[in-house]
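**Q** The following block contains a protein sequence and its predicted model.
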Amino acid sequence: MQVPAGGMPVWAWASPLVAWLLLAAAILTEPPAPLLAAAAAGLVATVFAAVFHAEVVAHRVGEPFGTLVLALSVTVIEVALIVSVMVAGGPEKAALARDTVFSAVMIICNGLVGLCLLAGGVRHHEQGFALQGALAALAVLAALVTLTLVLPNFVSTPGPAFTVPQLLFAGAASLTLYGAFVFVQTVRHRDYFLPEGGTEEEHAGPPPARVALASFGLLLACLVAVVGLAKALTPTLERAIDAADVPKSVSGIVIAALVLMPEGLAALRAARANRLQTSMNLALGSALATIGLTIPAVALVSVLIGRPLVLGLPPKDQVLLALTLLVAVITLGTGRTTVLQGIVHLVVFASFLFFALIP
């Protein structure tokens, strides 16, 4: 997403304003169907606006703090959606965080990466990226998903869940791994994540301080509006899932898809413009932030409010996760990609969706 050097598009400030109006209407009245539909559209628009303002602030403060601003903003949105549904649904939603994080990994590593490789391969035949950066990201991703989504099935506690000390340790380990990755990506080995030739892309200068301050205020307004609208729409989402007679885990797919939509579109545009390095940085960085920041935040909330948290994946999903990591290492292991790698990832993603809807 291009960050302006000055000024601000109308939709970026209008979206949170409309979202607050819709939220007020939902609080004051029993929302009719048209208002709920408008609230859903407002929620999507406000997520886009939040990511936009986070990027403006990130561009102003520079690296490595810019990366953290963007990652924290997206994580706040994801955690807010998860917690709002968890609180409304009670113990029945103990596995929502697991389903959302797993869905995000599958959407990014198979759906988004597959679309980027396919779109870039169709237009440019073959594309390249820095191999060291991709392998570093995949190593951290493999450790994160194994420690948080697989290990709970094999600890001594009954069921696919950690005890409180184990949960806190898993959260700390996730933060450590993600923090180390951000340090390597933005400070110690930045060249591992630069386009071929070792130079960064041309960017406009940082926005003026007044624009950055306005975006910071609007970012906070967006995040609060997202939390409120998510809570208001939770019962409608639950009724829709029940009416469609699909597994409850589908709600995790919906939340993950909503949160990842803005960065996903940016990654796809970069791949079509023959900037696969930028595309991979966005995609794999989003996957790492999803686990490295969301799991610790949700774990802390779970401990504080006393809600159960199920993290261990069932056998079917463990197989799909293992296949995803294996395919990612093989297809991204040469630093050159074609349409074939994209098709492979998309087939794995289609398998994930099919077995999620028809288990």
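**A** Right, received. Where do you want to start? Since the structure is predicted, the reported quantities are computational estimates derived from the model, not experimental observations. Residues are numbered from 1 along each chain as shown.
**Q** contacting residues around residue 262?
**A** Residue 262 is in contact with 1, 47-48, 51-52, counting by C-beta atoms under 8 Å, 6 or more residues apart in numbering. For glycine as for every other residue, the C-beta is placed from the backbone atoms N, C-alpha and C.
**Q** continuing past the helix or strand harbouring it, what's the next helix or strand?
**A** Here residue 262 sits within helix 250-272, counting by DSSP states H and E. Using DSSP H and E, the helix or strand that follows helix 250-272 towards the C-terminus is helix 276-305.
**Q** how far off helix 250-272 does that following helix point, in degrees?
**A** Interaxial angle, helix 276-305 versus helix 250-272 (axes from the mean of the first three to the mean of the last three C-alpha atoms, to 10 degrees): 160 degrees.
**Q** How about residues contacting the very next helix or strand once past helix 276-305?
**A** Following helix 276-305 in sequence order, the next helix or strand is helix 315-331 (DSSP H and E). The contact list for helix 315-331, computed with C-beta under 8 Å, 6+ apart, reads 102, 105-106, 109-110, 113, 117, 135, 138, 141-142, 145, 149-150, 153, 313, 337, 341, 344-345, 348, 351-352, 355, 359.
**Q** can we see that at 7 Å?
**A** Outside helix 315-331, the residues within contact range by C-beta atoms under 7 Å, 6 or more residues apart in numbering are 102, 106, 109-110, 138, 142, 145, 149-150, 313, 337, 341, 344-345, 348, 351-352, 355.
**Q** Now it: average pLDDT?
**A** Per-region confidence: helix 315-331 scores 93 on mean pLDDT.
**Q** Distance check, residue 338 against residue 155.
**A** Distance from residue 338 to residue 155, counting by C-beta to C-beta, to the nearest Å: 42 Å.
**Q** ugh, typo on my part, it should be residue 96
**A** Taking C-beta to C-beta as the measure, residue 96 falls 20 Å from residue 155.
**Q** Compare those two and say which one has the larger neighbour count.
**A** For residue 96 versus residue 155, neighbours defined as other C-beta atoms under 10 Å are more numerous around residue 96 (23 against 15).
**Q** Looks like that one contacts residue 86 (just checking).
**A** Yes: the pair formed by residue 96 and residue 86 meets the contact definition of C-beta atoms under 7 Å, at 5.5 Å.
**Q** How far does the helix holding residue 262 sit from its chain's centre?
**A** Relative to the centre of its chain, helix 250-272 is centred 7 Å away, using C-alpha atoms, centre = their mean, to the nearest Å.
**Q** got the residue ranges for the helices in this protein?
**A** 10-28, 33-61, 65-89, 96-106, 113-124, 131-145, 164-183, 209-244, 250-272, 276-305, 315-331, 339-357 (DSSP state H).
**Q** Nearest to residue 192, out of those?
**A** helix 131-145 (4.0 Å; C-beta to C-beta).
**Q** Name the surrounding residues that touch that closest one.
**A** Applying C-beta under 7 Å, 6+ apart, the contact partners of helix 131-145 are 105, 174, 177, 181, 184, 192-193, 280, 284, 287-288, 291-292, 321, 325, 328-329, 332, 335.
**Q** With residue 337 as the reference, measure out to residue 125.
**A** Here the criterion is C-beta to C-beta. By it, residue 125 lies 10 Å from residue 337.
**Q** more neighbours, these two?
**A** Just comparing residue 125 and residue 337: by other C-beta under 10 Å the higher neighbour count belongs to residue 337, 25 against 9.
**Q** Find the nearest non-adjacent residue to the more buried one, please.
**A** Distance criterion C-beta to C-beta, 6 or more residues apart in numbering; nearest residue to residue 337, sequence neighbours excluded, is residue 117 at 4.9 Å.
**Q** From what I see, the one you found and residue 341 are in contact.
**A** Yes: here residue 117 reaches residue 341: they are 4.9 Å apart, a contact under C-beta under 7 Å.
**Q** Can you pick out the residue with more neighbours from these two?
**A** residue 117 (27 against 23).
**Q** show me the residues around the more buried one that make contact.
**A** 337, 341-342, 345.
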